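1. Predicted model, plus sequence, below.
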Amino acid sequence: MSGADKEFLTTFARGLEVIRSFDTDNPSMTLSAVAEKNGLSRAAARRFLLTLQKLGYVSLEDKKFRLTAKVLELGYAYLASLDFSETITPHLEKVAYELGESCSALVLDGVDIVYVARIPRRGLIPINLQIGARLPAYATSGGRVLMAYLQQPELEAVFEKSRFEKHTPNTKGPDELRVELERVREQGYAIVDQELELGMRAVAVPVVDRREQVRFALNSSSHVSSVTLERIVDEYVPIMRTAARNIASVLP
């Protein structure tokens, strides 16, 4: 066993997987369902669930377990570490005001992007995007920005694990995406035109910290009827790049 393996706490990791197994399709589950979904015996699943219940992360009602609001503390601890509410959200609000569109901050988690902050524009985009929402990285502007700046082994892992579904007739496949990521690296922004949802255009830029590390992406989504691709390049990108630089200057 390697040194890295000795440091890995399998039980802790499985407990986190139990938490993550609750989702939109499975907001509440019986003991048997949790065991089956996580590949655990009923006895092991019971120990995990009762431990999480005692810690306040799950509740039990009518023989079904569900997550409690305390789980949000785990996510908010991350947001607090970046001080989103005090330093970053105002920049998103400024972009949203100047563009008259939504503005979000996204991070890469495996093959998905996760929304960690969002200033929405109501009524235009049908996808329900709240903080914590996940979308496939390969089909989103923010995901492509974050993928473009990965080291090669990490990028290959994302390609290998992604399920390249054809969300619309415009959705790029793996080969097209590799070419597109080269373009994103060269130009410093990504535009996705109706590849995830028909009628939706999105643009994203990276937020690069003082150590030249891409921390997250800024994204704005618009309906095709409200903005052309040319206007996105000429107006949206410069505004978002300015916001990204301003955010980078206050990152810890």
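-> Perfect, I can see it now.
2. what's the nearest residue to residue 37 once chain neighbours are set aside in contact with, if anything?
-> In this structure, residue 37 finds its nearest non-sequential neighbour in residue 21, 4.9 Å apart by CB to CB, 6 or more residues apart in numbering. (Glycine included, C-beta is placed from N, CA and C.) Residue 21 makes contact with 29, 34, 37-38, according to CB atoms under 8 Å, 6 or more residues apart in numbering.
3. gap between the two ends of stretch 203-215?
-> End-to-end distance of stretch 203-215 (CA to CA, to the nearest Å): 17 Å.
4. Ignore what I typed, I meant stretch 192-208.
-> This stretch, stretch 192-208, spans 21 Å end to end (CA to CA).
5. That one: how far from the chain's middle?
-> Its chain's average C-alpha position is 13 Å from that of stretch 192-208, according to CA atoms, centre = their mean, to the nearest Å.
6. same check, this time on stretch 21-39
-> 22 Å.
7. In that stretch, which residues are buried?
-> Judged by neighbour count using 16 or more other CB atoms under 10 Å, the buried positions of stretch 21-39 are 21-22, 28-29, 31, 34-35, 37-38.
8. could you give the mean pLDDT of it?
-> Computed over stretch 21-39, the mean pLDDT rounds to 90.
9. One more: stretch 140-149?
-> Mean pLDDT, stretch 140-149: 96.
10. same question, stretch 101-113
-> Mean predicted confidence for stretch 101-113 is 90.
11. For it, list the C-alpha coordinates in PDB.
-> Coordinates of each C-alpha in stretch 101-113 appear next as PDB, following Å, rounded to 0.1, in the frame of the first residue of the first chain:
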ATOM      1  CA  GLU A 101     -28.500  39.600 -18.100                       C
ATOM      2  CA  SER A 102     -27.700  36.900 -15.500                       C
ATOM      3  CA  CYS A 103     -24.200  36.600 -14.100                       C
ATOM      4  CA  SER A 104     -22.900  33.600 -12.300                       C
ATOM      5  CA  ALA A 105     -19.700  32.200 -10.700                       C
ATOM      6  CA  LEU A 106     -18.900  28.500 -11.500                       C
ATOM      7  CA  VAL A 107     -16.400  26.000 -10.400                       C
ATOM      8  CA  LEU A 108     -15.500  22.600 -11.900                       C
ATOM      9  CA  ASP A 109     -16.400  19.500  -9.900                       C
ATOM     10  CA  GLY A 110     -15.500  16.300 -11.800                       C
ATOM     11  CA  VAL A 111     -17.300  16.400 -15.100                       C
ATOM     12  CA  ASP A 112     -19.800  19.100 -14.000                       C
ATOM     13  CA  ILE A 113     -19.800  22.800 -13.300                       C
END
